[in-house]
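> Sequence and predicted model, in that order:
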Amino acid sequence: MQSEHQTTLTPIALRQRYEQVADRIAADIRAGRFAPGERLPSERDLARRLEVGRASVREAIAALQVSGLIETRPGSGSFVAANASERPRERHDSSPSDLLEARALLEPAVARLAAQRSGPDAEIEALLAAMEDADGDAWNDCDRRFHQRIAALTGNPVLLDLADHIAAVMDEPLWQRLRDDSIAVPGRTTIHLAEHRMIYEAIAEGDADAAELYAAQHIRRVRKYMTLD
């Protein structure tokens, strides 16, 4: 019989690989192994030295950039910030992997509910048309608004709030860097747009099963393109 005074232990949260990589780099910076203004080794070199995947290194670099320990200069690489040794590293609770995991759980169900409760939508049709010629920040903006609008079509304000939060996270530098790397490859925005159209058409036709399936397939492809698997 369990004692009424038995203590309930909280499970230990396993840390993300990128957090471990970021801590290692931060420790090297504070120990003086990387001097202020010094260029860090390339992602490939760091991945080889630390025996981790390049995606983990990329996320770690982005997290350290957000916390101000390093500065990334386009075309030149990542450099130790001038005051890096004086700055504590902020711990971030989520990574792009966490965000995509949440999206994979949420967005197929949201698409299903939208198909059950709505129909053709002029706002989504306008967003899809705009995405035909959009790139860079314009594409990202349309993409976020597309998924937010689907949540709005459910008529559930809680789901819309969740979609707004996801959109805000997708605006953060760590996510933006991975997204920009992904859409920079020719043809990928075309594929994403085609998947968006399939999701929308299923919603417009009231086909809940198809909407859920296409939304799930879309998130799997985004994850693959961001090399997070």
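Now that the structure is in, tell me what you want to look at.

> Just give the nearest non-adjacent residue to Thr154, would you?
Leu113 (4.4 Å; Cβ to Cβ, 6 or more residues apart in numbering). C-beta coordinates here come from the backbone N, C-alpha and C atoms, glycine included.

> For the helix or strand hosting that neighbour, give me every contacting residue.
Using DSSP states H and E, Leu113 sits in helix 96-117. With contacts defined as Cβ atoms under 8 Å, 6 or more residues apart in numbering, helix 96-117 is touched by 16, 59, 147, 150-151, 153-156, 159, 162-163, 166, 169-170, 174-175, 178, 199, 202-203, 205-216, 218-220, 222-223, 226, 228.

> likewise stretch 204-224?
Contact with stretch 204-224 is made by 100, 103-104, 107-116, 119-121, 182, 191-192, 195-196, 198-199, 202-203, 229, as judged by Cβ under 8 Å, 6+ apart.

> Any chance of a PyMOL selection covering the buried ones in the residues you listed?
Remark: buried members of these, expressed as a PyMOL selection using 16 or more other Cβ atoms under 10 Å:
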select buried, resi 100+103+104+107+108+110+111+112+113+114+115+121+182+192+195+196+198+199+202+203
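
> so how far is Asp209 from the residue nearest in space to the middle of the chain?
Most central residue of the chain, judged by C-alpha distance to the mean C-alpha position with Cα atoms, centre = their mean, is Pro96 at 3.5 Å. To Asp209, Pro96 is 29 Å away according to Cβ to Cβ, to the nearest Å.

> Then Glu125?
As for Glu125, its distance to Asp209 is 22 Å (criterion: Cβ to Cβ).

> next one: Ile166
Distance from Ile166 to Asp209, by Cβ to Cβ: 23 Å.

> Between the two, tell me which one has more neighbours.
More neighbours surround Ile166 than the other of Ile166 and Asp209, with 19 against 10 (other Cβ atoms under 10 Å).
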